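1. Here's my sequence, what's the structure:
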Amino acid sequence: MISLADLQRRIEAGELSPEAAIAQSHAAIEARENDVRAFVRHDKAAKAQGSGPLRGIAVGIKDIIDTANMPTEMGSEIYRGWQPRADAPVVMMLKRAGATIIGKTTTTAFASRDPTPTLNPHNLGHSPGGSSSGSAAAVGAGMIPLALGTQTGGSVIRPAAYCGTAAIKPSFRMLPTVGVKCYSWALDTVGLFGARAEDLARGLLAMTGRSEFSGIVPAKAPRIGVIRQEFAGAVEPAAEEGLQAAIKAAEKAGASVQAIDLPETVREAWRIHPIIQEFEAHRALAWEFSERHDEIAPMLRESLDASVGLTPKEYDEARRIGRRGRRELGEVFEGVDVLLTYSAPGTAPAKALATTGDPRYNRLWTLMGNPCVNVPVLKANGLPIGVQVIARFGNDAHALATAWFLEDALAKSG
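-> Numbering: from 1, shown residues only. Below you'll find the predicted structure:
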């Protein structure tokens, strides 16, 4: 993978020009795109900007995010050739920081569940995950150092785990979702993919200007609470092996690790996440559902058809449970610095299964709004496994610092 931090250091030292860094990504896309199929559009004319902390950094944009100079097709035939007038605010944040928007990456239709043509860069017979399929695969394949994705259920953390990249789903609303095709306004969250936690921190610092992302170093002796989310169902042996490897490495590096049980209200919040998601999806996709129903991708159309009867009363009650869950989750963090859990139920499913995987280990944290960082742990049969570090709401910097600690601990133990 291409390290954003490494590129920045070399550019700042005068060892690498921004133009050469962008040329490196163009060449990597040309070399691997025919196999991986991460992009719906590669802007071969994209050039380096002359200034800004992200000069020389090529960024891929998930194709539900508006771009003024490239179509935004949302993975759907309904929007084939659709050209927005303006860049989404989150794209402008990148451009103002000096980044080069090198292309649009594949997304499942409306960031839902119908698979894209993208393949897993570690094994082309497997899925890269979704819905941010192309962004995860492009970073995992070493094409680009940074990519934007979105998460409503598990669409940043899970594909990052499958493709072996670092990724952050930041605290809810840290990054604006204006100009991003809405699925659920209470859940949709813009996130970043990179090679390592340091790369994500540097990307967020440049985009947001938030001082807490400046000078992040690995956490010292963090207190880690392990949660297995048994209420979300069983995991494959590979996922448990990955979590155990992370625990062992963390303890050896000086962390204190303890098992944590989540309060019942938090478990209940996991159950009601789909009610909020699908109720809002019916409003967000009302025009498509009413006017272009038969052109909606089949798996999404099926789920919308099945949830058409959700009532405002069910939605309001689900929202209340979510609010109570967030309050009680805050108390869990009084005894630990971060939580550690699975990023996915196992390794990436085979492409033949026609699934992008299951978000059941991610959706609670999207609803809670907490920052989550995927940390690649190991490979099982050539496919990556990841764990996710979850911090208190608003403490994204600490989530990244602990993820960095864990990356270092795993490197030493491996």
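
2. For Thr366, give me its contacts.
-> Gln151, Thr152, Gly153, Gly154, Lys169, Leu187, Thr189, His273 (C-beta atoms under 8 Å, 6 or more residues apart in numbering). Quick note: C-beta positions are derived from backbone N, CA and C, even for glycine.

3. Where does the prediction get shaky in the stretch 251-400 of the chain?
-> With pLDDT under 70 as the threshold, the stretch 251-400 of the chain has no low-confidence stretch at all.

4. Surely Ile224 is in a helix?
-> No: the secondary structure assignment for Ile224 gives strand rather than a helix, going by DSSP: H, G, I helix; E, B strand; the rest coil.

5. Now do the SS call for the nearest residue to Gln24 once chain neighbours are set aside.
-> The shortest distance from Gln24 to any residue that is not its chain neighbour, by C-beta to C-beta, 6 or more residues apart in numbering, is 7.2 Å, and that residue is Ile2. Secondary structure, three-state DSSP: Ile2 is coil.

6. And the pLDDT for Ile2?
-> Residue-level confidence at Ile2 comes out at 98, pLDDT.

7. just the helices in this structure please.
-> Remark: helices of the chain, listed N- to C-terminal, are 4-12, 18-36, 89-96, 133-140, 157-163, 197-208, 237-252, 264-284, 286-291, 298-306, 312-332, 363-368, 396-413; assignment by DSSP state H.

8. for the ones you listed, which one sits closest to Lys104?
-> Within the helices of the chain, the stretch nearest Lys104 is helix 133-140; the backing value is 7.9 Å (C-beta to C-beta).

9. what comes up buried for that closest one?
-> When neighbours are counted by 16 or more other C-beta atoms under 10 Å, the buried residues of helix 133-140 are found to be Ser133, Gly134, Ser135, Ala136, Ala137, Ala138, Val139, Gly140.

10. next one: stretch 171-190
-> For stretch 171-190, the buried set under the neighbour-count rule, 16+ other C-beta under 10 Å, comprises 171-172, 174-175, 177, 179-184, 186-190.

11. So which of those residues are in strands?
-> Among the buried residues of stretch 171-190, the residues falling in strands (DSSP state E) are Thr189, Val190.

12. Could you tell me the per-residue confidence at the residue nearest the centre of the chain?
-> The centroid of the chain falls nearest to Val156 when counting by C-alpha atoms, centre = their mean (1.9 Å). For Val156, the pLDDT comes out at 98.

13. Spatially, what comes nearest to it if we skip its sequence neighbours?
-> On the basis of C-beta to C-beta, 6+ apart, the spatially nearest residue to Val156 that is not a chain neighbour turns out to be Gly191, at 3.7 Å.

14. What about the one you found, how many residues nearby?
-> 27 (other C-beta atoms under 10 Å).

15. Would you confirm that it contacts Phe172?
-> No: look at Gly191 against Phe172 with C-beta atoms under 8 Å: they stay out of range, at 11.0 Å.

16. neighbours of Gly60, just the number please.
-> Gly60 has 32 neighbours, counted by other C-beta under 10 Å.

17. show me the contacts for Glu236.
-> If you count contacts by C-beta under 8 Å, 6+ apart, then Glu236 has Pro345, Gly346, Thr347 around it.

18. whoops, Phe193 was the one
-> With contact set as C-beta under 8 Å, 6+ apart, Phe193 has these partners: 132, 135-136, 138-139, 146-149, 156, 160, 165-167.

19. Please name the bridge partners of Leu339.
-> On the basis of DSSP bridges, Leu339 is bridged to Gly225, Ile390.

20. check contacts around it.
-> Ile224, Gly225, Val226, Ile227, Ile260, Val332, Phe333, Val389, Ile390, Ala391.

21. May I see those arranged in a markdown table, with distance to Thr105 and neighbour count as well?
-> Output for the contacts of Leu339, formatted as a markdown table (distance: C-beta to C-beta, whole Å; neighbours: other C-beta atoms under 10 Å):
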| residue | distance to Thr105 | neighbour count |
| --- | --- | --- |
| Ile224 | 32 | 24 |
| Gly225 | 34 | 21 |
| Val226 | 33 | 18 |
| Ile227 | 31 | 20 |
| Ile260 | 35 | 17 |
| Val332 | 35 | 18 |
| Phe333 | 33 | 19 |
| Val389 | 24 | 31 |
| Ile390 | 25 | 26 |
| Ala391 | 27 | 25 |
